[in-house]
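In: A predicted structure for the sequence below; I have some questions about it.
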Amino acid sequence: MPSYQVYLVGGAVRDQLLNIPVIDRDWVVTGATPEQLEQQGYQQVGKQFPVFLNPTNKEEYALARREKKQGAGYTGFICDFSPDISLEEDLERRDLTINAIAQDKDGSLIDPFNGQQDLENRIFRHVSEAFVEDPLRVLRVARFAARFHHLDFKIAPETMALMQTISASGELATLSAERIWKELEKALNTQHADVFFSVLEEANALDKLFPELIWKSNSEQTNTLNQVKWTPTQRWAILSKDTPVELLTELHQRIRCPNQFKTLAEQVRSFREIQQISMDAENWENWLMSVNAIKKPQPFMILIEVLSHLTESKIEDWNTLRETIAAINASSLMKQGYNGAELGKALKQSRIEALKSKPSPLTLNIHNE
């Protein structure tokens, strides 16, 4: 029999106590060496941290560890994985008390930092002053605030003060684009993604992490996000809709935003900018072709769901425009003798003429910025 002890830790214990579905289970092992786990069939997957995959269910098992801050950023730690490190020492290095609860094999809870009380009181509170050593925690707390907003969680004032200390330290600049995007994407998967940005703003971190973003926190935007079951890409398009395309493009490049998020957000913003001009048939045709409305009907539907909501217009009217130009094909024009560049011009003109007979989705309701 192995002499080491295994504990369920972190989010799995927290979510169990909140009676919400547990997605991932993480385990901490005390009193063990890497060799002992390997002898039991565990496969090491972490080089910097000894993390092992259970041979049966592939869940992650990490050796208990201590951390000592040595360099800048969230990677600037020296870690000790000695078998004599206690469970309490491992839990002490975690970010929030609600994430520092463990459960043993019998189901008993080990809660040295009163995380259960903070769960009951709906409080995000840091475990120790070492919280300030990891700048990623500013993003993590903001993401938790978005995820658990519906449960009325609040950030403890002393924890927000430490988040502001991190922002003032300059260490947010050490975060990689990949880590920033990962936390942002997780926040966008929550219904209250706007809370993520509100928390960063309060922590004085928003202009450091997303300097290009024009952020307007208001009840109208919150209502827009909450009224419909948006996809993460649509939420990002709504949240970034006030940022000029030029700045939005810079932001997307800097945080290495995936194409599906980048494309939709920039299309939404671009339309809001051209919306200020008279949208006659020719402008509608130019726009429909620029967003590939004919060849890519599914992305177009995702786009017009956002635009119809932002302009308080009927999605059916937007669909009518697409159907109008999609019905025009080149074959009939080719029979009339058009080809090459002349065929392209004739197609364009035919689409414009057809659109002239259709009502604009914005005829009755144009919302200017």
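Out: Ah, there it is.
In: pretty sure residue 324 contacts residue 354?
Out: Yes: counting by Cβ atoms under 8 Å, residue 354 is a contact partner of residue 324 at 5.0 Å. Backbone N, C-alpha and C define where each C-beta goes, glycine included.
In: Same drill for these two, tell me which one is more crowded.
Out: The residue with more neighbours, out of residue 324 and residue 354, is residue 324; 19 against 16, by other Cβ atoms under 10 Å.
In: do you know how far that one is from residue 62?
Out: From residue 324 across to residue 62, the span is 58 Å (Cβ to Cβ, to the nearest Å).
In: What of residue 98?
Out: Taking Cβ to Cβ, one finds residue 98 at 19 Å from residue 62.
In: Show me which of these two is the more surrounded one.
Out: Using other Cβ under 10 Å as the criterion, residue 98 and residue 62 rank with residue 98 on top: 31 against 18.
In: Does that one touch residue 115 like I think?
Out: Yes: in this structure, residue 98 is within contact of residue 115 by Cβ under 8 Å, at 4.7 Å.
In: Return every residue with contacts to both of those two.
Out: residue 14 (Cβ atoms under 8 Å, 6 or more residues apart in numbering).
In: What is the linear distance spanned by stretch 322-342 between its boundary residues?
Out: 23 Å (Cα to Cα, to the nearest Å).
In: Provide the contact partners of that stretch at residue level.
Out: Contacts of stretch 322-342 (Cβ under 8 Å, 6+ apart): 285, 288-289, 293-294, 297, 300, 343, 346-347, 350-351, 354-355, 358.
In: likewise stretch 240-249?
Out: Contacts for stretch 240-249 (Cβ under 8 Å, 6+ apart): 212-216, 251, 265-266, 268-270, 272-273, 310, 369.
In: just checking, which of those residues belong to helices?
Out: 251, 265-266, 268-270, 272-273, 310 (DSSP state H).
In: Mark which of the residues you listed are buried, thanks.
Out: When the ones in helices among the contacts of stretch 240-249 are checked for burial by 16 or more other Cβ atoms under 10 Å, the buried set is 251, 265-266, 268-270, 272, 310.
In: Any chance of those in JSON lines with distance to residue 53 as columns?
Out: Below are these laid out as JSON lines (distance: Cβ to Cβ, whole Å):
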{"residue": "251", "distance to residue 53": "36"}
{"residue": "265", "distance to residue 53": "36"}
{"residue": "266", "distance to residue 53": "39"}
{"residue": "268", "distance to residue 53": "41"}
{"residue": "269", "distance to residue 53": "43"}
{"residue": "270", "distance to residue 53": "45"}
{"residue": "272", "distance to residue 53": "47"}
{"residue": "310", "distance to residue 53": "45"}
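In: Start from the N-terminal end of the stretch 101-250 of the chain and give the strands.
Out: Using DSSP state E, counting those that start in this stretch, the strands of the stretch 101-250 of the chain run over residues 102-103, 109-110, 123-124, 154-155.
In: Check the gap between the closest residue to residue 301 other than its chain neighbours and residue 267 for me.
Out: Distances taken as Cβ to Cβ, 6 or more residues apart in numbering put residue 319 closest to residue 301, at 7.9 Å, once the chain neighbours are dropped. Counting by Cβ to Cβ, the gap from residue 319 to residue 267 is 16 Å.
In: Please apply the same query to residue 334.
Out: Residue 334 is 31 Å from residue 267, by Cβ to Cβ.
In: swap in residue 190?
Out: Relative to residue 267, and taking Cβ to Cβ, residue 190 is found at 23 Å.
In: Equivalent analysis for residue 50, please.
Out: Taking Cβ to Cβ, one finds residue 50 at 45 Å from residue 267.
In: Kindly report the same for residue 158.
Out: 43 Å.
In: what about those two, which has more around it?
Out: residue 267 (22 against 11).
In: so that one makes contact with residue 303?
Out: Yes: taking Cβ under 8 Å as the definition, residue 267 is a contact partner of residue 303 at 5.5 Å.
In: between these two, what contacts are shared?
Out: In contact with both residue 267 and residue 303: residue 291, using Cβ under 8 Å, 6+ apart.
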